[in-house]
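Q: next comes the sequence, and after it the predicted model I'd like to discuss.
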Amino acid sequence: MANNSITVIDNRTGNKFDFPIVQPTIGPDVVDISSFYKNTGMFTFDRGFTSTASCRSNITYIDGGAGKLMYRGYDIGYLATKKTFLDATYLLLHKELPTKEQLDNFNLELKKRSFINESMKKLFDAFPDNAHPMAILSSAVAALSAFYSDSLDMDTPEEVIEMAHRIIAKIPTIAAFSYRYSKGLPVIYPDLDKGFTENFLYMLRAYPHGYVELKPIEVEALDTIFTLHADHEQNASTTAVRVVASTQAHPYAAVSSGVGALWGRAHGGANESVIRQLEMIGSVDNVDKFIAKAKDKNDPFRLMGFGHRVYKNFDPRATILKELRDKLTDELDIDSHLLEIANKIEKIALSDEYFVKRHLYPNIDFYSGLILNALRIPKEMFAVIFVMGRTPGWIAQWVELKEQKDMKIARPRQLYLGPLERTPKS
Ligand code: CMC
């Protein structure tokens with residue numbers, strides 16, 4: 001038995017099987033069970049992948065116990081407070097933070113690609129009024145493969161970078177168009193004189209002739225939100241992107257599957273649900289009633305913005321956003337009524353045994369909703385904002401997967417509990 005291995009004993013037969021232990025740079029050791037079925041004739045079962053490392057990755061590290069998050073070795077606190085979203089995007093894609101010149105060039109490359117094919121407007125036109133912007137966004141991202149059908153195979157590094165730039169540059173435009181079409185508003189084209197985040201807010205808010213009110217603090221706050229969302233290792237939407245990419249599907253299909261996965265309330269849809277829930281609770285006097293509902297095992301109600309699969313002490317992104325929210329309270333119009341309800345929920349949940357015992361702390365979505373509200377971003381755009389932030393992460397993970405020579409199609413097995421073969425009646 002090798003030192004760097006683990007032995008599994010089948011107590012039914014006494015048979016022993018050795019599996020190698022692989023060491024990460026940091027984090028828990030990993031047992032390589034890729035030969036488990038071949039050696040034992042059994043599958044492993046891991047509902048929700050709570051104990052499974054699904055890939056090798058160099059991009060993002062999370063220590064859920066210590067509340068630590070790093071992109072390419074840089075702490076999220078440093079990136080969110082000292083760097084911009086484009087710095088973080090460049091870092092995720094190119095593995096290093098950019099120099100001033102590299103950042104300027106990168107910005108220019110994105111600006112050049114920020115317009116979308118005019119014919120795509122027919123696609124937006126086809127959606128009914130009040131369609132959810134996420135519905136439009138996911139379709140429009142998938143449709144990019146029809147409008148930009150050159151080099152879908154991405155055989156060269158240049159083609160890969162071209163694709164990465166295209167998607168990162170076009171998603172804000174598609175996102176803003178999705179919102180404006182959903183409200184029957186005329187679209188606003190990108191303004192090349194504006195920075196990445198400022199341009200997005202401009203496309204979202206401006207009047208048709210271009211008039212817009214934008215405070216620098218609003219742009220800064222949104223930029224921070226984007227940075228905090230930029231990657232989060234193998235979360236559900238990134239896993240969706242990787243699974244689709246593992247079939248050799250083109251990246252537009254992979255990213256649109258990420259958009260779909262992110263929309264769910266348990267993931268990126270939570271920030272919209274937080275605000276809707278605060279509005280539903282309606283008054284601080286009702287908070288106790290809803291806390292009781294969240295604790296009731298027979299009630300499916302969950303407190304939105306609480307709990308996380310990986311963070312079990314605190315979510316470092318939430319800590320940064322809480323500070324930002326407090327800073328913005330003095331400078332922007334944070335809804336004081338909703339803030340009062342949120343503060344009471346937070347206070348109770350942080351001391352209530354049910355939440356403490358289960359390590360249910362406020363997550364990023366608990367704070368981002370109120371900030372986005374104060375930035376006058378409509379609720380139905382909250383998940384879209386999450387998509388815009390997460391896109392560089394999805395692309396970096398896609399590129400990493402593409403570069404791995406021993407990449408295999410993702411094809412899990414199952415614990416079958418259905419009927420045995422049945423004899424047809426006739
Ligand atoms: N309110 C009340 N109870 C909860 C909550 C909640 N928000 N979250 C978890 N629990 C309870 C759950 O009922 C279970 O209790 P018990 O052990 O008695 O059965 C226990 O806590 C563990 O929950 P779980 O569902 O097994 O945990 P998970 O790791 O599978 O789910 C989660 C994580 C984030 C999906 C879940 O906590 C949740 O639904 N939270 C609300 C939605 C939310 O805020 N999502 C945003 C996550 S952060 C953004 C992102 O990265 O996507």
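A: Perfect, I can see it now.
Q: make it CA atoms for all contacts and neighbour counts henceforth
A: Fine.
Q: part of a strand, is Ile62?
A: Yes: under DSSP: H, G, I helix; E, B strand; the rest coil, Ile62 falls within a strand.
Q: where's it relative to the ligand, distance?
A: Using C-alpha to the nearest ligand atom, to the nearest Å, we find Ile62 at a distance of 12 Å from the ligand.
Q: contact residues of the stretch 301-426 of the chain facing the ligand?
A: 302-309, 358, 363-365 (C-alpha under 6 Å from any ligand atom).
Q: mind doing that once more with 5 Å?
A: Applying C-alpha under 5 Å from any ligand atom, one finds that the stretch 301-426 of the chain approaches the ligand through 302-309.
Q: and the residues you listed, which are buried?
A: For these, a burial check counting by 16 or more other C-alpha atoms under 10 Å picks out 302-308.
Q: okay if I get those residues as TSV plus distance to Asp191 and pLDDT?
A: Supplementary listing: those in TSV, determined by distance: C-alpha to C-alpha, whole Å; pLDDT from 0 to 100:
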residue	distance to Asp191	pLDDT
Arg302	41	95
Leu303	40	95
Met304	36	94
Gly305	34	93
Phe306	38	95
Gly307	39	94
His308	38	95
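Q: closest one of these to Leu69?
A: His308 (13.6 Å; C-alpha to C-alpha).
Q: quick check, the closest one in contact with Leu360.
A: Yes: using C-alpha atoms under 8 Å, His308 makes contact with Leu360 at a distance of 7.0 Å.
Q: pairing partners for the longest strand seen in the chain, with directions?
A: The longest strand of the chain (DSSP state E) is strand 16-22. Strand pairing for strand 16-22, determined by DSSP bridges: strand 5-9 (antiparallel), strand 30-31 (antiparallel).
Q: from the chain's centre, how far out does the shortest one sit?
A: It stands for strand 30-31. Chain-centre distance of strand 30-31: 26 Å, with C-alpha atoms, centre = their mean, to the nearest Å.
Q: same check on stretch 376-392?
A: 10 Å.
Q: in it, what's buried?
A: So, applying 16+ other C-alpha under 10 Å, buried residues of stretch 376-392: 377, 379-392.
Q: which residue does the stretch 1-150 of the chain bring closest to the ligand?
A: Residue nearest to the ligand within the stretch 1-150 of the chain (C-alpha to the nearest ligand atom): Gly48, separated by 7.1 Å.
Q: got the contact list for that residue?
A: Gly48 makes no contacts at all, as judged by C-alpha atoms under 8 Å, 6 or more residues apart in numbering.
Q: do that again at 10 Å, thanks
A: Residues near Gly48 by C-alpha atoms under 10 Å, 6 or more residues apart in numbering: 236, 309.
Q: what's the burial count for Leu360?
A: By the criterion of other C-alpha atoms under 10 Å, Leu360 has 22 neighbours.
Q: secondary structure added to the residues of the stretch 301-426 of the chain next to the ligand, as a markdown table?
A: What follows is these, written out as a markdown table (three-state DSSP):
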| residue | secondary structure |
| --- | --- |
| Arg302 | coil |
| Leu303 | coil |
| Met304 | coil |
| Gly305 | coil |
| Phe306 | strand |
| Gly307 | coil |
| His308 | coil |
| Arg309 | coil |
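Q: thinking again about what came up before, give me the common contacts of His308 and Leu360.
A: Going by C-alpha under 10 Å, 6+ apart, residues that sit against His308 and also against Leu360 are Phe314.
Q: what distance do you get for the closest residue to Asp125 other than its chain neighbours to Ile174?
A: In this structure, Asp125 finds its nearest non-sequential neighbour in Tyr181, 7.2 Å apart by C-alpha to C-alpha, 6 or more residues apart in numbering. Note on Tyr181: its distance to Ile174, by C-alpha to C-alpha, to the nearest Å, is 10 Å.
Q: just Ser57 next, same as before
A: 29 Å.
Q: repeat that for Tyr207.
A: On the measure of C-alpha to C-alpha, Tyr207 and Ile174 end up 18 Å apart.
Q: which of those two has more neighbours?
A: When Tyr207 and Ile174 are compared for neighbours, Ile174 comes out ahead with 26 against 15, by other C-alpha under 10 Å.
Q: now do the contacts for that one.
A: Taking C-alpha under 10 Å, 6+ apart as the test, what Ile174 contacts is 114-116, 120-121, 124, 133, 136-138, 140-141, 167, 180, 200, 203.
Q: just Ala253 next, same as before
A: Ala253 touches 138-139, 141-145, 241, 244-245, 259, counting by C-alpha under 10 Å, 6+ apart.
Q: in the stretch 101-250 of the chain, which residue sits nearest the ligand?
A: Proximity of the stretch 101-250 of the chain to the ligand (C-alpha to the nearest ligand atom) peaks at Asn235, 6.8 Å away.
Q: my read: that residue touches Ala266, true?
A: No: between Asn235 and Ala266 there is no contact under C-alpha atoms under 10 Å: 11.2 Å.
Q: mind naming the longest helix for the chain?
A: helix 157-182 (DSSP state H).
Q: the helix or strand following that helix vs helix 157-182, what angle?
A: Sequence order places helix 196-205 as the next helix or strand after helix 157-182, per DSSP states H and E. Between the axes of helix 196-205 and helix 157-182, defined by axes from the mean of the first three to the mean of the last three C-alpha atoms, to 10 degrees, the angle is 30 degrees.
Q: quick check: which ranges of the chain have low pLDDT?
A: Judged against pLDDT under 70, the low-scoring parts of the chain cover residues 1-2, 151-152.
Q: in it, which residue is most central in space?
A: The chain has Arg390 as the residue nearest its centroid, 4.6 Å off, counting by C-alpha atoms, centre = their mean.
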